[in-house]
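Novice: pasted the sequence and its predicted model underneath.
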Amino acid sequence: MREGIQETPSVTGIIAEYNPFHSGHAWQLEEIRRRRPGTIIVAMMSGSFCQRGDAAILDKFTRANLAIAGGCDLVLELPFVFACRSAQAFAAGGVQLFARLGLGGCLAFGAETDHLSALRQIASYMDESDFQQTLHERIRQGESYAAALAGLLETQRGSNVDLRAPNNILAIEYLRVLQRFPSLTPMLVPRRGAGHNDASLPKREEHSASGTAIRRELLAARSERRMPDWAVLSGTMPVETAEALRETFPDYLPDRERLFPALQLRFLTMTDADIDAIYGVNAAEGMTGRLRRAMREAGSLQEFIDRAATRRYPAARIRRLVPFLLLGISDAQMAAMDAAGPLYARVLACGPRGREILHTMKKTAKIPIIAKMSQYLTTKTRESDRERNIFQQQLILDTWATDLRGLMFSQPLEAKDFHTSPRFSGRS
């Protein structure tokens, strides 16, 4: 196996959402190629739902194709049970998936700082038992994970890294996991341009916007029954992304409010014990009662999220809880998923050099490479099989997440997981 790895070009992994693929992502890929000429870039991308609990603004196959057009060589799906999670689980799932490809190489990631050594030092602190004990005590006292982490590091370690910046937090989580995989080396690419949570569009002469700002403009334009500011938006992303968004707007942008009736029904039919068992519900802190009160008082999904959110349970956590409730994912089921890690590498899109690395992965990967869904799951087996192992559960939840996203439109969408094959661009 080692000889097979040596024969391949260098490989660089990226864990991403590309929601949507914009100029900042394109610049990151260019920077990686500048630093590592000839490298093959493999992206582990979230599928139908993203880390903060919202459906992706474009479907996963379209986003994967846009990433290939923007400079990736191969795009694999990060399973839903890791993609729609906290920073710790998102990072753990992505790094494990990359490691299980058996390619070695480098994991590239962005941050709001260029001090890799400082981030590495923080990552090593975080696994100390005393640090973890104090961190969880602050969380029990009502702080969110991010606030507790930032406060503890500032007071105990004097960290000068902004730990309220989401990419810094994610970078630290990547580094924590990478400590377990010596075959993978970190590569820090400082974020350039708009911040991750910068919700404002740039001036017309500027060419940088966060994914948050792009999504907000599109969804606001739909709500206000107007056209988005395409002149500004088009300057912040590759032409292929702009074309895909124009084709999608307004009818096929996901509308999460369409899930509200289904969520209301779930609360009517679930007992308190049922809700207590859902992953992300802290029954010991009376969270089930708070969720029920929020549902009784809410007239929309957004109002439910606002009423249920607290300092301890921020809105992003409540948004993630919505698909967990709708899909019935239990705490015990998620614990089993975490113990197993990602159990397959599903191909969403592939460029010419991606084919080269796929051939290598057939020899080196420790998990199956899925290019054709029907070899592993069909709509019939999904509905008929009752005894499902963890592999099947992970794959089924990916398809259910796609179906759940499909409910967010006024017109039904075909079940793309079963009828869409990955796009193999160019020639090998």
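Specialist: Yes, it's here.

Novice: when you work out contacts or count neighbours from here on, use the C-alpha atoms and nothing else.
Specialist: Will do.

Novice: looks to me like residue 108 is in a helix.
Specialist: No: secondary structure assignment (DSSP: H, G, I helix; E, B strand; the rest coil) places residue 108 in strand, not in a helix.

Novice: distance check, it against residue 375.
Specialist: To residue 375, residue 108 is 32 Å away according to C-alpha to C-alpha, to the nearest Å.

Novice: higher neighbour count, these two?
Specialist: Shown here are residue 108 and residue 375; by other C-alpha atoms under 10 Å, residue 108 has more neighbours (21 against 8).

Novice: count of neighbours near the nearest residue to that one once chain neighbours are set aside?
Specialist: Closest residue to residue 108 apart from its sequence neighbours, by C-alpha to C-alpha, 6 or more residues apart in numbering: residue 187 at 4.5 Å. Around residue 187 there are 17 other residues, counting by other C-alpha under 10 Å.

Novice: residue 187 - that's part of a strand, no?
Specialist: Yes: membership of residue 187 in a strand is supported by three-state DSSP.

Novice: can I assume it is in contact with residue 105?
Specialist: No: with contact defined as C-alpha atoms under 8 Å, residue 187 does not count as touching residue 105 (10.1 Å).

Novice: contacting residues around residue 278?
Specialist: Residue 278 is in contact with 324, 325, 328, 329, 330, 331, counting by C-alpha atoms under 8 Å, 6 or more residues apart in numbering.

Novice: can you tell me which residues contact the fourth one?
Specialist: To tie it back to what came earlier, the one meant is residue 329. Listed by C-alpha under 8 Å, 6+ apart, the contact partners of residue 329 are 278, 279.

Novice: could you measure from it over to residue 80?
Specialist: In terms of C-alpha to C-alpha, residue 329 sits 11 Å off from residue 80.

Novice: neighbours of residue 400, how many?
Specialist: Residues lying near residue 400 (other C-alpha under 10 Å) number 19.

Novice: check which helix or strand covers it.
Specialist: helix 390-406 (DSSP states H and E).

Novice: can you pull the buried residues of the following helix or strand past that helix?
Specialist: Once the chain leaves helix 390-406, the next helix or strand it forms, by DSSP H and E, is helix 416-419. Of all the residues in helix 416-419, those buried under the rule 16 or more other C-alpha atoms under 10 Å are residue 417.

Novice: what about helix 416-419, distance to the chain center?
Specialist: Its chain's C-alpha centre and that of helix 416-419 lie 20 Å apart, by C-alpha atoms, centre = their mean, to the nearest Å.

Novice: what mean pLDDT does it have?
Specialist: Averaging pLDDT along helix 416-419 yields 85.

Novice: equivalent analysis for stretch 183-203, please.
Specialist: 72.

Novice: stretch 380-398 too?
Specialist: 86.

Novice: which residues touch it?
Specialist: So stretch 380-398 is contacted by 47, 48, 79, 80, 81, 336, 337, 340, 342, 343, 344, 377 (C-alpha under 8 Å, 6+ apart).
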